[in-house]
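# please find the sequence and the predicted model below.
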Amino acid sequence: MDVVMSAPTLIEAVPARTNKARSGWVLSGLRVVPVGEEEARAASVLLMAAGPRGHEYALDAAVAEAALRQRRPVIVLTSDVDDMHKLCGDRVRRVAA
């Protein structure tokens with residue numbers, strides 16, 4: 001099983017109070033996928049098609065785009081199952097975090 005994290009999720013996933021050694025150990029088991037211009041444009045297309053607007057959905061769109069680039073089957077662990085469904089449809093399985 002390949003465990004993947006979208007690069008912008010690092011910003012959200014590692015709050016200042018987190019033990020750096022512990023978070024480093026957890027992150028060492030993940031493959032962090034980049035979000036460059038091409039990926040950002042694809043995430044923007046997903047976001048426009050899904051309907052939500054605003055910066056609060058940008059990270060979800062980047063995560064959805066990264067998930068859709070992965071080899072199937074894909075499971076997305078998310079705190080917002082509904083938004084991920086809007087962005088990915090039935091192409092990924094969503095699990096509430």
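That came through fine.

# pretty sure residue 47 is touching residue 87, no?
Yes: Residue 47 is in contact with residue 87 according to Cβ atoms under 8 Å; the separation is 7.2 Å. To be clear about C-beta, it is placed using only N, CA and C from the backbone, and glycine gets the same treatment.

# who's more crowded, those two?
Per other Cβ atoms under 10 Å, whichever of residue 47 and residue 87 has more neighbours is residue 87, with 29 against 21.

# the helices in the chain, which residues?
With DSSP state H applied, the chain shows helices at 9-13, 20-27, 37-50, 58-68, 81-88, listed in chain order.

# okay, the angle between the fourth one and helix 81-88?
The directions of helix 58-68 and helix 81-88 differ by 60 degrees, with axes from the mean of the first three to the mean of the last three Cα atoms, to 10 degrees as the criterion.

# how near is the residue positioned nearest the centre of the chain to residue 21?
For the chain, the residue nearest the mean C-alpha position is residue 63 (2.0 Å; Cα atoms, centre = their mean). Relative to residue 21, residue 63 is positioned 26 Å away (criterion: Cβ to Cβ, to the nearest Å).

# can you check residue 40 too?
With distances defined as Cβ to Cβ, the gap from residue 40 to residue 21 amounts to 32 Å.

# bridging residues for the nearest residue in space to residue 63 that is not next to it in sequence?
In this structure, residue 63 finds its nearest non-sequential neighbour in residue 6, 4.7 Å apart by Cβ to Cβ, 6 or more residues apart in numbering. Beta bridges link residue 6 to residue 33 when assigned by DSSP bridges.
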